[in-house]
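Engineer: pasted the sequence and its predicted model underneath.
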Amino acid sequence: MIYAAGLVLPVSSPPIRDGALLVENGGIVAVGRLSEVKRDNPGVEVRYFPRHTITPGAVNVHAHLGFRRGDAPPGGSFSGWVMELVSRLPEKETWTPKAARGSAREALESGTTFLTDSSPFGECLPQLAESGLAGIVFAEFFPFLFDTPEEAVDSIEKKVFALREGLPPRIGVEMSVHAPYTVDPESSRLAATRVRTRGERLSTHLSESPEEVEFVREGTGRGLENVFGVRADWGGMGVSPVRYAESVELLWPGMIAAHLATGVSEEDIEVLAQTGVAAAHCPRSNEYLGCGVSPVPEMLGRGIRVGMGTDGLWSSPSMNLFEETLFATRLHGMSGEMGLKLATLSGARALGIEGETGSLAAGKYADFAVIEAAPGEFGMDPEMEVLEAAAGAGVAATAVGGELVYDRVEGGSAG
Ligand SMILES: [Zn+2]
């Protein structure tokens, strides 16, 4: 099959007018001008979107599928939001699966092809696995439910190994150390050590809010130190969350640290760079929850791998990663080219999967979005035009592994 469009933005190579992808067995075999790809592959069926742009699919490096739209806890204060969230957990079984299905569908219909979910004990795995997306579920665990760090980590490990049985292709399960105020230092260190030994990935929330910074430094956190009704007595270490995470060996290239929005100093950025950790940038969630602005330009300047994340619908208005990224480009004054790369290839690099997805190149999966945008030859910033269209419900089709899992073009919106 040949997929072609008025413009193809491969991200890892220059834009192609009337560009095309040759796709076989779910993978990209060739990328080039439509005329040439057609000439070299006579008789292969062509699907041509003349007034559209094909980009790599978005890679969402930090999301929570299990929150529904419409009744987000009030924002403004991170600790207030978390405490309201925790108070609603007892009845979450009644709506989490439906919320997860809806969130995953929304991501797919807005051009996301790879999504990482973080959910308690990996509870959103069934919905991710059936969604058509590729992705990873990071299973969170909460040691206050167990007697010792060993018991807590043994239990989540056993759960992760069990969840990995019989998974569809391109769906993975990894472990998450939820946050410095919910997982004690010994459980964090033990989980990190075991995951690192196996060469796997780990995710965490880090340096997200003023309350978390206060908890790690002073031991207080406006309720955060007592979020499950059990006192977290390990705070007050007199260091930044990043320094704390380093001290319990959470920082290495397999770690994806979400947010890094509050209290990230130049010294912290140096630690993040030295340890090779990846960052997930969720600017709309940070704004809603009264957290700071992540120093993304500085982190990128130090060579830190940064990807974009939507977080979940209780702290973010949508699961549209292109919309999240457009917000980031405005926040940090970035070009469209930079934004499109952040949404795609940079996210894949953050997760260590740039060999399989994130750009349109031979040898990778055919993960792409077809966007209703046809920037003119003399556009100032064609990538920004495409990003704006994708952010504004302009994704017309999404392909994961060469399969159009979302396709509304046939319905008449194609030119
Ligand atoms: Zn999160």
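Structural biologist: That came through, no problem.
Engineer: quick one: the helices in the stretch 301-415 of the chain?
Structural biologist: For the stretch 301-415 of the chain, the helices defined by DSSP state H, counting those that start in this stretch occupy 321-332, 336-343, 345-351, 382-391.
Engineer: adding mean pLDDT, write these out as TSV.
Structural biologist: Converted to TSV, the helices of the stretch 301-415 of the chain look like this (pLDDT from 0 to 100):
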stretch	mean pLDDT
helix 321-332	98
helix 336-343	98
helix 345-351	98
helix 382-391	96
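Engineer: residue 26: which of these is closest?
Structural biologist: helix 345-351 (16.4 Å; Cβ to Cβ). From N, CA and C alone the C-beta is placed, and that goes for glycine too.
Engineer: now what about the closest one, what contacts it?
Structural biologist: 11-12, 56, 58-61, 114, 116, 136, 201, 256, 278-280, 305-308, 354, 356-359 (Cβ atoms under 8 Å, 6 or more residues apart in numbering).
Engineer: again, only using 7 Å
Structural biologist: 11-12, 56, 59-61, 116, 256, 278, 280, 305-308, 354, 357-359 (Cβ atoms under 7 Å, 6 or more residues apart in numbering).
Engineer: what of stretch 274-287?
Structural biologist: Residues contacting stretch 274-287 (Cβ under 7 Å, 6+ apart): 61-62, 246, 251-253, 255-261, 272, 292-294, 296, 299, 304-311, 315-317, 324, 327-328, 331, 350.
Engineer: do you know how far the closest residue to residue 206 other than its chain neighbours is from residue 62?
Structural biologist: Closest residue in space to residue 206, ignoring its immediate chain neighbours: residue 257 at 4.2 Å, by Cβ to Cβ, 6 or more residues apart in numbering. Using Cβ to Cβ, to the nearest Å, we find residue 257 at a distance of 9 Å from residue 62.
Engineer: residue 81 now?
Structural biologist: To residue 62, residue 81 is 17 Å away according to Cβ to Cβ.
Engineer: which among the contacts of helix 345-351 end up buried?
Structural biologist: 11, 56, 59-61, 116, 256, 278, 280, 305-308, 354, 357-359 (16 or more other Cβ atoms under 10 Å).
Engineer: sorry, back to before: what separation is there between the residue nearest to residue 206 and residue 310?
Structural biologist: Using Cβ to Cβ, residue 257 is found at 16 Å from residue 310.
Engineer: which one's more surrounded, these two?
Structural biologist: Neighbour count, other Cβ atoms under 10 Å: between residue 257 and residue 310, residue 310 has more, with 31 against 26.
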